[in-house]
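Student: Give me the fold of what follows.
(2 chains)
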Amino acid sequence: MRNAAPSRAPKVSLRGGTPPARSPWRGGGWLAAGIGLLLLFPLSSPDAFFLDVFTTGFLLAAFAASWDVVGGVSGQITLGHALPFGTAAYACALLTSFAGWPLPLAVAAAVLLAAAVGAGIGALSARLVGPFVALLTLALGEIAHEAAVGHTFFSGPGGYAWGGEGGIPVALPWRDAPPFWSYYAALAFLCLASFGMLRFSRSGAGLILRAVAGSPITAQASGVPIARFRRLAFTVGSAFAGAAGAGFVLHVGRATANDLSLELSFQAATFAAVGGRGTIVGPVVAALVLHVLFQGLSLPPSARVLLYALTLLVTLRFFPGGVVGTARDLASRLGGKEGARPPRRRGRNRPGEGTP
Amino acid sequence: MLLDGLFAGGTYALMAAGMALILGVVKVINLSHGAFFTLGAYVAYALAERGVETPIAAAPLAAVIAFAFGVFLGKSFVNPARTHPFALPVGTLACALLFEQVAQMAWGPHPLSIGADAPWIAPGGLVIRRWGVIAFLSSAALLGGLRWVLSARPGLSLRLIAEDEEIAGSLGMDVEAIRYLTFGGACAMAAAAGALLSPSGAVTPTMGRAPLLLSLVVVIVAGMDSVAAIFLLSIGLGIFGNACAWFLSPQWSYVALLAAVCLLLSARPAGIVALAGRRD
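Tutor: Next comes the predicted model:
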């Protein structure tokens, strides 16, 4: 643990992150209840459609949380987070069906590749300020999307062309897995991944990243190599995004250009903004609720993107802290007299970010 | 092909100038600028469907509609969220996607085309398209007008706000109002460009993305000070983009623009001077 040493120093809460020394499992009861409900859900023999919606929702929630590692904790607003997601999806599909790798090996390689892509994006964007990070990541993601749409890979066995709009199928070792298996697998993945990201965001490195996001100059003056830490955030976030992408492609069975689209990156940013940036749990919950709500209504895709955009605009305009930030604000306003949690009050007052 | 690039580039300059205006006065990057371009093109298409086939009529109408939307967006979203480093890029992108989806629901995802008139064949086999001449001349005229306005008395307040908003405020100018009016005006310029260029190609919901990137490249390279530099650079990029589309395929010009944005941002990490120097 190279980064463990600085974590002891900042005992005062940096930018409102929950201080790790105090109850890290506050609200654990609610969490357990939620997981219990989700575990019970398939046993109530629901429609296969809803099982599928939830399974996709779990993977998207992990993806949203991985956005939050980059965009929330480290404050580098990325609008190209679909790039590691789609890279892993495509790598998984190509390695299994084209190169004939065994599935576990291909998944591991895909996650590593996504992490490498993230390190690259992080290195490119580390020196940029403000909205230019968003611009650069957006451009990189769109390049990858155009390449995926335009490039046709040749297939081995069938002789027909893969790639382009149709995407690339994955060679899965199983056939027709029962839907509740993928449901439970995705739920387990979501729990593990969110736990890992939560630990990361509350570790020494996470605290330093929050400090960098709060004020890069102050962090630099305190001797933090900000470029390296931003790269680290991108690498970790992209690795988790890649894992989610690999899981997604295993569930769907096909990597398509949609996995690299601007809309997907935008969705992750929406979930994070609605849930509350920098909290990891907030984006996960927001992703689950919004995805299940919008997908469960079986709206056409364009109406869904429309609703996401509207939700985001309303959130940004009226609840800049997201659900978690607003809830904290309300809690501190209601229970403000007792003064029980004075440090947490600072949750929304990030520099340059409060209600203007 | 060269001439088409010239005409298109000259019209893109109108849009890029709007982008520069927003950057200078409102000091934000407007990712929904391309959506207003698309809006203009759809207005022209809707008019052409009803028998009004000239972009001369479509451009002012599109500009008025875009001005209304732009003022609304500027007043209700951009101004309050102006200093928020997260809300602005993501929010304007949300507006762009919102409009793309609305256009897709209203007109469908398929490319639509506006019947262009038969081109003139000049002596020597040169093909001159009528829409191109109209678009080029009207955008050149509009840009000239913009340059004159900026240098004359009414443009003084814009330049002062770009220079130092506190002084402008203390002189009794309504900085907020001027900001959202400028935002609306710049959006109107993008929509006019879209309407003027609509006969040049297919009208699709996502057609605004490439011009958005083009104007970003122009603004990053040419800066915001000189209208003439923006004009010349846009023409250059327009010709370049057309050459890419001609020799390779249309989507290559989009990729080339994206790559240009990446390269420029890596080469000039501070981005545009005006944004780098602002107080957070």
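Student: Now do the contacts for residue A:212.
Tutor: By CB atoms under 8 Å, 6 or more residues apart in numbering or on different chains, the residues touching residue A:212 are A:74-75, A:219, A:224, A:226, A:229-230. (C-beta placed from N, C-alpha, C; glycine too.)
Student: helix or strand for the closest residue in space to it that isn't next to it in sequence, which one?
Tutor: Closest residue to residue A:212 apart from its sequence neighbours, by CB to CB, 6 or more residues apart in numbering or on different chains: residue A:219 at 4.5 Å. Element membership for residue A:219 (DSSP states H and E) is helix A:216-221.
Student: Would you reformat the contacts of residue A:212 as TSV and include secondary structure and neighbour count?
Tutor: TSV is the format used below for those (DSSP: H, G, I helix; E, B strand; the rest coil; neighbours: other CB atoms under 10 Å in any protein chain shown):
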residue	secondary structure	neighbour count
A:74	coil	29
A:75	coil	25
A:219	helix	20
A:224	coil	17
A:226	helix	19
A:229	helix	22
A:230	helix	26
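Student: Near chain B, which residues of the stretch 151-300 of chain A are found?
Tutor: Selection of the stretch 151-300 of chain A residues close to chain B by CB under 8 Å from any CB of the partner chain yields A:262-263, A:266, A:269-270, A:273, A:277.
Student: Distance of the closest residue in space to residue B:81 that isn't next to it in sequence relative to residue A:61?
Tutor: Here the nearest residue to residue B:81 in space, its sequence neighbours aside, is residue B:87; by CB to CB, 6+ apart that works out to 4.1 Å. Residue B:87 sits 22 Å away from residue A:61, going by CB to CB, to the nearest Å.
Student: quick one: which of those two has more around it?
Tutor: residue A:61 (29 against 25; other CB atoms under 10 Å in any protein chain shown).
Student: For the stretch 51-200 of chain B, which segments are assigned as helices?
Tutor: B:55-73, B:87-107, B:130-151, B:153-163, B:165-170, B:175-197 (DSSP state H, counting those that start in this stretch).
Student: What is the fifth one packed up against?
Tutor: Counting by 3 or more CB pairs under 8 Å, 6 or more residues apart in numbering or on different chains; DSSP states H and E, the packing neighbours recorded for helix B:165-170 are helix B:153-163, helix B:175-197.
Student: low-scoring stretches of the stretch 251-356 of chain A, by residue?
Tutor: Scanning the stretch 251-356 of chain A for pLDDT under 70 picks out A:335-356.
Student: Pull the number of nearby residues for residue 54.
Tutor: Unless you meant another one, I'm taking chain A. Residues lying near residue A:54 (other CB under 10 Å) number 23.
Student: that's the wrong chain, I meant chain B
Tutor: So residue B:54, with other CB under 10 Å, has 15 neighbours.
Student: where's the closest residue to it other than its chain neighbours relative to chain A, distance?
Tutor: Nearest in space to residue B:54, with sequence neighbours left out and distances taken as CB to CB, 6+ apart, is residue B:134 at 7.7 Å. In this view, residue B:134 and chain A are 31 Å apart by CB to the nearest CB, to the nearest Å.
Student: circling back to that earlier point, now tabulate the contacts of residue A:212 in JSON lines and tack on pLDDT.
Tutor: Listed next are the contacts of residue A:212 as JSON lines, based on pLDDT from 0 to 100:
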{"residue": "A:74", "pLDDT": "87"}
{"residue": "A:75", "pLDDT": "85"}
{"residue": "A:219", "pLDDT": "86"}
{"residue": "A:224", "pLDDT": "85"}
{"residue": "A:226", "pLDDT": "86"}
{"residue": "A:229", "pLDDT": "90"}
{"residue": "A:230", "pLDDT": "90"}
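Student: Could you double-check that residue B:257 sits in contact with residue B:213?
Tutor: Yes: assessed by CB atoms under 8 Å, residue B:257 is found in contact with residue B:213 at 4.3 Å.
Student: re the thing from before, now the residue nearest to residue B:81: how far from residue B:77?
Tutor: Here the criterion is CB to CB. By it, residue B:87 lies 8 Å from residue B:77.
Student: of all of the stretch 101-250 of chain B, which residue lies closest to chain A?
Tutor: In the stretch 101-250 of chain B, the residue that lies nearest chain A is residue B:101 (4.2 Å; CB to the nearest CB).
Student: Return the residues in contact with that residue.
Tutor: Per CB under 8 Å, 6+ apart, neighbours of residue B:101: A:302-303, A:305-306, A:309, B:205.
Student: what pLDDT, on average, does the helix or strand encompassing residue A:112 get?
Tutor: Assigned by DSSP H and E, residue A:112 belongs to helix A:103-125. Averaged over helix A:103-125, pLDDT sits at 91.
Student: Equivalent analysis for stretch B:33-41, please.
Tutor: 89.
Student: And for stretch A:182-201?
Tutor: Stretch A:182-201 carries an average pLDDT of 90.
Student: Equivalent analysis for stretch B:156-172, please.
Tutor: 74.
Student: So which bits of the stretch 1-150 of chain B are right by chain A?
Tutor: Contact residues (CB under 8 Å from any CB) of the stretch 1-150 of chain B with chain A: B:28-29, B:31, B:76-77, B:80-91, B:93-95, B:97-98, B:100-102, B:104-105, B:109.
Student: run the last query once more with 10 Å
Tutor: Residues of the stretch 1-150 of chain B found near chain A, taking CB under 10 Å from any CB of the partner chain as the criterion, are B:28-29, B:31, B:73, B:76-77, B:79-105, B:109.
Student: Drop anything exposed from those residues.
Tutor: Buried residues within these, defined by neighbour count using 16 or more other CB atoms under 10 Å in any protein chain shown: B:28-29, B:31, B:73, B:77, B:79-104.
Student: residues contacting the residue nearest to residue B:54?
Tutor: Applying CB atoms under 10 Å, 6 or more residues apart in numbering or on different chains to residue B:134 gives the contacts B:7, B:11, B:54-56, B:59, B:196, B:199.
Student: okay, now residue A:282: neighbour count?
Tutor: Using other CB under 10 Å, residue A:282 has 26 other residues around it.
Student: thought it was touching residue A:319?
Tutor: No: using CB atoms under 10 Å as the test, residue A:282 is too far from residue A:319 to be in contact (11.5 Å).
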